[in-house]
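Enquirer: coords below, sequence missing:
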């Protein structure tokens with residue numbers, strides 16, 4: 001009898017949580033209401049099956065409880081029962097799969113007027129590329145990737161000269177305009193996911209995947225990696241801002257084209273130690289939490305970092321120099337910047353890598369032109 005009561009409580013509690021769901025989806029910010037409907041149909045079908053199976057289990061526990069005078073019947077087959085179980089199961093499976101197949105067909109059937117954006121995934125950060133005035137993305141290849149060419153651009157393709165390169169995990173998209181999202185990975189399997197627009201897709205090394213959506217609600221939404229991609233996976237986060245077309249254009253204009261990036265690299269003074277420090281930063285996933293353009297993600301931005309004064313969560317202030325940076329890398333919770341969580345893990349870098357990383361930060365983030 002106790003087991004029957006426990007099973008009844010489990011069934012009633014599960015149904016109650018399904019109806020008054022404290023983990024319900026947030027308000028949707030795209031056109032993919034069909035995905036919500038598909039998920040809800042799955043919940044309903046599986047919920048009905050769960051309740052029916054549980055009620056049958058409760059009945060069996062009660063009906064066939066141990067009694068001294070009971071004798072079991074031998075019935076190895078029941079064709080009628082098997083027929084109805086097969087039919088009901090088939091209907092349930094079709095009810096769950098059919099809506100998903102219909103939505104998937106729309107999900108990868110991109111409208112002709114969609115605007116393209118390429119999502120470039122790497123351990124453990126996001127970067128983005130938009131076509132320029134010609135409306136065409138230039139070709140890329142992994143063999144072209146380097147410190148000076150982080151997107152692997154093909155320098156012989158004129159279509160890539162005006163491509164806009166966004167080396168920040170913060171993405172802007174214009175409101176009420178279809179967006180085709182192209183995805184590629186530079187290393188391992190990742191998954192680009194924005195829960196508020198109900199969209200996700202694997203980013204697979206060696207191939208281009210895609211989907212589309214239409215932003216319908218202004219706001220800032222979280223970007224996640226939904227595939228375990230290494231020890232820095234938890235930090236592979238970003239932001240997507242759905243902006244007015246005017247704000248989007250201003251944001252896009254603030255980022256360099258491939259031609260401008262090449263020109264800046266060509267005119268920049270050589271610093272091999274800083275180049276090595278950039279590799280250290282990329283290898284250890286620093287850009288998953290810190291940006292160079294002033295945008296905020298998990299951690300504070302590195303823009304104009306060197307020599308600046310930072311306020312700490314304990315009310316003190318610190319001038320950013322070599323000693324502070326080394327302490328923050330080896331013991332990140334010793335001094336926590338105001339407004340940010342104590343989320344960084346300690347890094348045990350070699351003396352050579354530490355010196356190179358600090359030199360890169362000094363070289364790249366010093367406000368002085370001659371730094």
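Expert: Received, thanks. Everything numeric in this text was worked out from a predicted model, so none of it was measured.
Enquirer: just the element for the closest residue to residue 161 other than its chain neighbours, please.
Expert: Leaving out its chain neighbours, the residue that sits closest to residue 161 by Cβ to Cβ, 6 or more residues apart in numbering is residue 259, at 4.5 Å. From N, CA and C alone the C-beta is placed, and that goes for glycine too. If you go by DSSP states H and E, residue 259 is part of helix 258-267.
Enquirer: the residue nearest to residue 161 and residue 337, how far apart?
Expert: Separation of residue 259 from residue 337 (Cβ to Cβ, to the nearest Å): 36 Å.
Enquirer: can you check residue 30 too?
Expert: Separation of residue 30 from residue 337 (Cβ to Cβ) stands at 33 Å.
Enquirer: higher neighbour count, these two?
Expert: Using other Cβ atoms under 10 Å as the criterion, residue 30 and residue 337 rank with residue 30 on top: 21 against 15.
Enquirer: quick check: buried residues in stretch 91-103?
Expert: Within stretch 91-103, the residues that qualify as buried by neighbour count (16 or more other Cβ atoms under 10 Å) are 96, 99, 100, 103.
Enquirer: redo these as JSON lines? Include secondary structure.
Expert: Formatted as JSON lines, the buried residues of stretch 91-103 follow (DSSP: H, G, I helix; E, B strand; the rest coil):
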{"residue": "96", "secondary structure": "helix"}
{"residue": "99", "secondary structure": "helix"}
{"residue": "100", "secondary structure": "helix"}
{"residue": "103", "secondary structure": "helix"}
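Enquirer: and residue 304, that's in a helix?
Expert: No: under three-state DSSP, residue 304 sits outside any helix and is assigned coil.
Enquirer: ok, it - how many residues close by?
Expert: Close neighbours of residue 304, defined as other Cβ under 10 Å, add up to 14.
Enquirer: distance of it relative to residue 121?
Expert: Taking Cβ to Cβ, one finds residue 304 at 28 Å from residue 121.
Enquirer: what of residue 1?
Expert: 56 Å.
Enquirer: do the same with residue 235
Expert: 13 Å.
Enquirer: now residue 330
Expert: 29 Å.
Enquirer: just for the stretch 201-350 of the chain, where's the confidence low?
Expert: 264-270, 296-297 (pLDDT under 70).
Enquirer: how about the helices in it?
Expert: Under the criterion DSSP state H, counting those that start in this stretch, the stretch 201-350 of the chain contains helices at 245-253, 258-267, 272-283, 322-330.
Enquirer: can you say which of the ones you listed is packed in most?
Expert: helix 272-283 (a mean of 17; mean count of other Cβ atoms under 10 Å).
Enquirer: on that earlier part again, between residue 1 and residue 121, which is the more surrounded one?
Expert: residue 121 (26 against 8).
Enquirer: in three-state terms, label the more buried one for me.
Expert: strand.
Enquirer: just checking, residue 215 touches residue 28?
Expert: No: Residue 215 lies out of contact with residue 28 (Cβ atoms under 8 Å); the separation is 10.6 Å.
Enquirer: now the closest residue to residue 167 other than its chain neighbours: which helix or strand?
Expert: Nearest residue to residue 167, sequence neighbours excluded (Cβ to Cβ, 6+ apart): residue 127, at 5.2 Å. Using DSSP H and E, residue 127 falls within strand 125-130.
Enquirer: name the helices or strands packed onto that strand?
Expert: strand 115-122, strand 164-166 (3 or more Cβ pairs under 8 Å, 6 or more residues apart in numbering; DSSP states H and E).
Enquirer: please name the strands paired to it in the sheet, noting orientation.
Expert: Strand 125-130 has the following strand partners under DSSP bridges: strand 115-122 (antiparallel), strand 164-166 (antiparallel).
Enquirer: pLDDT of the helix or strand following the last one, averaged?
Expert: For strand 164-166, the following helix or strand on the C-terminal side (DSSP H and E) is strand 170-174. Mean per-residue pLDDT for strand 170-174: 94.
Enquirer: now the closest residue in space to residue 95 that isn't next to it in sequence: how far from residue 59?
Expert: The shortest distance from residue 95 to any residue other than its chain neighbours is 5.2 Å, reached at residue 45 (Cβ to Cβ, 6+ apart). Counting by Cβ to Cβ, the gap from residue 45 to residue 59 is 22 Å.
Enquirer: these two - which one has more neighbours?
Expert: residue 45 (16 against 11).
Enquirer: distance between the strand or helix carrying the more buried one and the chain's centre?
Expert: If you go by DSSP H and E, residue 45 is part of helix 33-63. Once both centres are worked out by Cα atoms, centre = their mean, to the nearest Å, helix 33-63 turns out to sit 31 Å from its chain's centre.
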